[in-house]
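In: Quick check, what structure comes out for this input:
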Amino acid sequence: MKEHSAQLLDKAAEAIKAAELLVTNHYPDIAAGRAYYAMFYVAEALLNEKELSFGKHGNVHAAFGEHFAKTKILDPKFHRWLIDAFDKRLVGDYGVEANIEMDIAANMIDQAREFLETARTYLG
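Out: Sure thing, here's the model as predicted:
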């Protein structure tokens, strides 16, 4: 595994830990954002292994879908989770009122953890 990919996976693990602390302390909107970023870093790490790098979230989402979901190298659910998490992050980050429920944020964290574990296994 490339060093930059490993660093991205470590950053994803840190984002998951932060999300867990945030949800435990009743900040589900912010926890959802950290869970999304964990998934985003995982997707970036996987793409980095294919010498692909992008500056926009949408481009990362699309490339991950093209190279990992459509090909079924990884379960396509991870692509769906990434896109759904992005949408929830936008609500959590830009909504004025608390909009993400605790159980939804906790589920996003579980998804991020599974995505990270799957990526680590795939990358060996």
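In: measure Ser53 to Leu46 for me?
Out: Using CB to CB, to the nearest Å, one gets 12 Å for the distance from Ser53 to Leu46. (Each C-beta comes from the backbone N, C-alpha and C, glycine too.)
In: And those two? Which one has more around it.
Out: The neighbour count for Ser53 versus Leu46, taken as other CB atoms under 10 Å, is higher for Leu46 (26 against 12).
In: per-residue pLDDT, the more buried one?
Out: pLDDT, Leu46: 98.
In: which residue packs closest to it, ignoring adjacent ones?
Out: Counting by CB to CB, 6 or more residues apart in numbering, Ala119 is the residue found nearest to Leu46 once chain neighbours are left out, at 5.7 Å.
In: mind checking how far stretch 6-20 is from the chain centre?
Out: 9 Å (CA atoms, centre = their mean, to the nearest Å).
In: if we can go back for a sec, hmm, Leu47 and the residue nearest to Leu46 touching each other?
Out: No: using CB atoms under 8 Å as the test, Ala119 is too far from Leu47 to be in contact (10.7 Å).
In: and the gap between the one residue sitting closest to the centre of the chain and Asp103?
Out: Nearest to the geometric centre of the chain sits Met39, at 1.0 Å (CA atoms, centre = their mean). Applying CB to CB, the value for Met39 to Asp103 is 18 Å.
In: Mind giving me the packing neighbours of the helix-or-strand element of the chain with minimal mean pLDDT?
Out: Least confident helix or strand, the chain: helix 77-94 with a mean of 94, by mean pLDDT, DSSP states H and E. Applying 3 or more CB pairs under 8 Å, 6 or more residues apart in numbering; DSSP states H and E, we find helix 77-94 packed against helix 28-48, helix 57-64, helix 102-123.
In: Tabulate those helices (a markdown table), appending distance to Ala13.
Out: Output for the helices and strands packed on helix 77-94, formatted as a markdown table (distance: least, CB to CB, whole Å):
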| stretch | distance to Ala13 |
| --- | --- |
| helix 28-48 | 8 |
| helix 57-64 | 18 |
| helix 102-123 | 6 |
